[in-house]
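After the sequence you'll find the predicted model.
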Amino acid sequence: MARFDGRVGIITGGASGIGRATALRFAAEGGTAIIADLQDDKAAEAVREIEAAGGTARAFHLDVTSEAGWADVVAFALSEFGRLDVLVNNAGIGDTAAIEETAYQTYQQVIAVTQTSVFLGEKAAAEALKASGRGAVVNVSSMFGIVGGFGTSPAYAAAKGAVRTLTKNTALGWAAEGVRVNSVHPGFVETPILGETDRALLVGTTPVGRIGRPEEVAAVILFAASDDASFMTGSELVVDGGYTAR
């Protein structure tokens, strides 16, 4: 039996990068992936790829900053499949300037998409995950939710740090109800969020000497979501090529 047979999962930011890699593998291991994203074309493309491989997936247009949107995607999972077992809060955006140069509007937007969305997702999915009997939440934070990075991107650092501690808070709140909540902390991974960042700089600061692949982070996300991690909650799993080991 595959690890996720019979399970239904919502993966935000599932149309590209780490989210897409997670959705593809979740479906390949028997799960039904609900790819929640604003990028409708890319989400549909991911669904087609999953279905061509014999898996099950649906695309759902979701603005992760919308409380009503979150209520709708959870209702969709329940109406279409009768359950929700896994929530992967992966959606996020970043900023690049020093704090002196960061606009308040930029700060608010990054916090809304990267941090507040996790709160909204957990709140909306709470009852369905508890009813699952083996509910699991994986919140994608960052190594910069643990360490200060380069002294830039203050909104991203603040958001990801909050995701880290919200994860622990929710894990304690839900432990007795059978829902596990863990965070994953990627380092530099070849995804759209890197934009035009100097790859040589990133490689030079990573002890293993390369940038990570989305599939490598997806593997850890799905470990945390699976029964292989059944005695793990409130934990943080760092996937950063050694960056935070310094």
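In hand now; what should we look at? From a predicted model like this one, the values you see are computed outputs, not experimental measurements.

Is there a neighbour count for Gly54? I'd like the number.
By other CB atoms under 10 Å, 8 other residues sit near Gly54. Yep, even glycine has a C-beta here, placed from its N, CA and C like the rest.

wait, what's in contact with it?
With CB atoms under 8 Å, 6 or more residues apart in numbering as the criterion, no residue contacts Gly54.

tell me the SS of it?
coil (DSSP: H, G, I helix; E, B strand; the rest coil).

what's the answer for Ile35, then?
Under the three-state scheme (three-state DSSP), Ile35 adopts strand.

That one is in contact with Leu62, isn't it?
No. Taking CB atoms under 8 Å as the definition, Ile35 is not a contact partner of Leu62, at 9.2 Å.

so where do the helices sit in the protein?
Secondary structure of the chain (DSSP state H): helices at 17-28, 40-52, 67-81, 104-111, 117-132, 154-174, 199-204, 214-225.

Pull the residues that contact the third one.
With CB under 8 Å, 6+ apart as the test, helix 67-81 has contacts from 8, 10, 32, 34, 36, 58, 60, 62-64, 83-84, 120-121, 123-125, 128.

ok, of those, which come out buried?
Among those, those buried by neighbour count (16 or more other CB atoms under 10 Å) are 8, 10, 32, 34, 36, 58, 60, 62-64, 83-84, 120-121, 124-125, 128.

can you give me the end-to-end distance of stretch 56-76?
15 Å (CA to CA, to the nearest Å).

now the protein, which segments are flagged as low pLDDT?
Within the chain, no stretch has pLDDT under 70.

Compute the distance between the most far-flung residue of it relative to its centre and Ala162, please.
Within the chain, Glu100 marks the point farthest from the mean C-alpha position, 29.0 Å out by CA atoms, centre = their mean. For Glu100, the distance to Ala162 (CB to CB, to the nearest Å) stands at 22 Å.

and what of Ala77?
Counting by CB to CB, the gap from Ala77 to Ala162 is 26 Å.

of those two, who's got more company?
Each of Ala77 and Ala162 has its neighbours counted (other CB under 10 Å); Ala77 has more, 24 against 18.

what residues are up against the most centrally placed residue in the chain?
Centroid-nearest residue in the chain: Asn90, 2.1 Å away (criterion: CA atoms, centre = their mean). Counting by CB under 8 Å, 6+ apart, Asn90 touches Ile11, Thr12, Gly13, Gly14, Ile18, Gly19, Thr22, Val140, Ile221.

For Arg7, which non-adjacent residue is closest in space?
Asp85 (4.0 Å; CB to CB, 6 or more residues apart in numbering).

now swap in Val118 and tell me
Of all residues not flanking Val118 in the chain, Asn89 sits nearest, at 4.5 Å (CB to CB, 6+ apart).

For that neighbour, which residues are in contact?
Thr12, Ser117, Val118, Gly121, Glu122, Val137, Val138, Asn139, Val140, Val163 are the contacts of Asn89 under CB under 8 Å, 6+ apart.

how about 6 Å then?
By CB atoms under 6 Å, 6 or more residues apart in numbering, the residues touching Asn89 are Thr12, Val118, Gly121, Asn139.

Was I right to think Val181 contacts Leu172?
No. Counting by CB atoms under 6 Å, Val181 does not reach Leu172; the two are 8.7 Å apart.
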